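>>> Build the 3D model from these lines:
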Amino acid sequence: MPVSLVQHCARTAAPITLLAVLLTGCASDIVERAVHNDRINFNEAIVQSWNEQLLLNLVRLRYRDNPLFLEMGGVIAGYTLKGTTGLAGGTVFQSPLTGDWRLNLGGEYTTSPTLTYFPLQGEDFANRLLSPISPSMILYLSQSGWSIERLFTLCVQQANDVPNAISASGPTPDRAPVYGEARQISEALRVLQKKGTIEGALDKDGKTVLLYIKAGRDSSTAIALATVRTLLDLDSSAVAYRLVPSFVRERKDDIAMMGRSLLSVMFFLSQAVEVPQADVSAGKVTLTRSDDGTPFDWSGVTGRVFKVRSSEVEPEDAYVRVLYRGHWFSIADADLNTKTTFSLLTYLFNLKAAGKGVQEPFLTYPVH
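As a prediction, the model looks like this:
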């Protein structure tokens, strides 16, 4: 081969080698960007799907339809990157030597995610949805920043013979629930929480949960403390009270607290689902009545913490929406109170998913 031809081929091969290296670098960069984007997209899709499923099941319970939870077992994303290169051209043996070379580059990137789902049923269903929420979990969440008023309203079914809308813990009742004193207790506890005069701790046995209530210096704290002690019939001289998961207490410094199950919390919140009047008239939902026979307004019980709207057209300002029985049910994006309760329900699911063998964390500082 003439020397000039060898030199020409060497000059041509150098760019090809450089382009091949650049193509390899581009492939690595493409995969890195794809993983980042897909992770964010998967994250957003999973959260949105969970919110819609949770809202859908709340609406189902309002209509006495069976709820179903599909748990996501995992997400496996497979990536494929194919690249092609080609070199074509010709050389004219003249003086000087000339050539016409063309480099063709091509590529194809694909992703093929694999998602696995399984229905929540059997032992997992019983442990997660049917077992009562413990007093220690309620107190732990209150000391993690959650409003004790919200927690008491949602999670406590009865405390020292004071009922907290017990009949709302199942399918919609036809008679109004009893909840007045429980509401006063929850509001008084919230006052004490804001003042930083309540805190929790474990007793020396490492199991018994103690609720410490300190005397406040202002009148609002004193009134709130007196309300809690009076309605729960507590020993006014005690500063620490045992939280016992039971219907019956043994001592005057006990607070026998029975928590709702997670399914009961969902039934409770389902009473806040606004139902189209046509479905009420058709008898598709239970109409709760007060003692005087008038329709009972559930907003007095659940409206303080939760509200689900209904409409014939798809709402534009919704945080989450689902279409069910020909109507849209949604939570307004600006309804921060309802969104907070919705988030709390999600946290309860996650905590209950930890299993019976997991020790619940416990904090011992007051929340101001």
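
>>> Let me see the mean pLDDT of stretch 242-261.
Summarised as a single mean, pLDDT over stretch 242-261 is 91.

>>> what does that stretch contact?
Applying Cβ atoms under 8 Å, 6 or more residues apart in numbering, the contact partners of stretch 242-261 are 129-139, 154-161, 169, 200, 203, 208-211, 232-235, 238, 240-241, 268. C-beta coordinates here come from the backbone N, C-alpha and C atoms, glycine included.

>>> Just give the number of residues close to residue 277.
9 (other Cβ atoms under 10 Å).

>>> For it, give me the pLDDT.
94.

>>> Over to residue 199?
On the pLDDT scale, residue 199 gets 88.

>>> how near is it to residue 229?
Counting by Cβ to Cβ, to the nearest Å, the gap from residue 199 to residue 229 is 17 Å.

>>> between those two, who's got more neighbours?
residue 199 (20 against 17).

>>> host element of the closest residue to residue 351 other than its chain neighbours?
Once flanking residues are discounted, residue 351 sits nearest to residue 137: 6.4 Å by Cβ to Cβ, 6 or more residues apart in numbering. Assigned by DSSP states H and E, residue 137 belongs to helix 135-142.

>>> quick check: angle from whatever helix or strand comes next after that helix to helix 135-142?
Using DSSP H and E, the helix or strand that follows helix 135-142 towards the C-terminus is helix 148-155. Interaxial angle of helix 148-155 relative to helix 135-142 (axes from the mean of the first three to the mean of the last three Cα atoms, to 10 degrees): 140 degrees.

>>> neighbouring contacts of helix 148-155?
By Cβ under 8 Å, 6+ apart, helix 148-155 touches 133, 137-138, 141-142, 159, 164, 182-183, 185-187, 189-190, 193, 198, 259-260, 265, 268-269, 304-305, 340-341, 344-345, 348.

>>> The stretch 151-300 of the chain: strands as residue ranges?
Applying DSSP state E, counting those that start in this stretch to the stretch 151-300 of the chain gives strands spanning 156-159, 162-163, 198-202, 209-213, 240-244, 254-259.

>>> Quick one: closest of the ones you listed to residue 294.
strand 162-163 (21.5 Å; Cβ to Cβ).

>>> Could you give the separation of the closest one from the chain centroid?
Centroid displacement of strand 162-163 relative to its chain, using Cα atoms, centre = their mean, to the nearest Å, is 28 Å.

>>> How about residue 130, nearest residue that isn't a chain neighbour?
residue 261 is the one closest to residue 130 (Cβ to Cβ, 6+ apart), at 5.1 Å.

>>> related to what we said a few turns ago, neighbours of the residue nearest to residue 351, just the number please.
When neighbours are counted by other Cβ under 10 Å, residue 137 registers 20.

>>> what's the answer for residue 176, then?
Residue 176 has 21 nearby residues by other Cβ under 10 Å.

>>> list the contacts for the residue nearest to it when sequence neighbours are not counted?
For residue 176, ignoring the flanking residues on the chain, the nearest one in space by Cβ to Cβ, 6+ apart is residue 296 at 4.3 Å. Contact analysis of residue 296 by Cβ under 8 Å, 6+ apart lists 176, 288-290.

>>> In PyMOL, select just the buried ones from these.
Restricted to buried positions by 16 or more other Cβ atoms under 10 Å, the PyMOL selection for those reads:
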select buried, resi 176+288
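
>>> now, the most widely separated pair of the contacts of residue 296?
Maximum distance among the contacts of residue 296 (Cβ to Cβ): 8.0 Å, for 288 and 290.

>>> related to what we said a few turns ago, okay, the residue nearest to residue 351: pLDDT?
pLDDT at residue 137 comes out at 89.

>>> Also residue 151?
In this model, residue 151 is scored at 96, pLDDT.

>>> Kindly report the same for residue 357.
39.

>>> just the one 5 residues further on next, same as before
At residue 362, the predicted lDDT confidence score is 41.

>>> contacting residues around the residue nearest to residue 220 when sequence neighbours are not counted?
Once flanking residues are discounted, residue 220 sits nearest to residue 191: 5.9 Å by Cβ to Cβ, 6+ apart. Going by Cβ under 8 Å, 6+ apart, residue 191 touches 220-221, 223-224.
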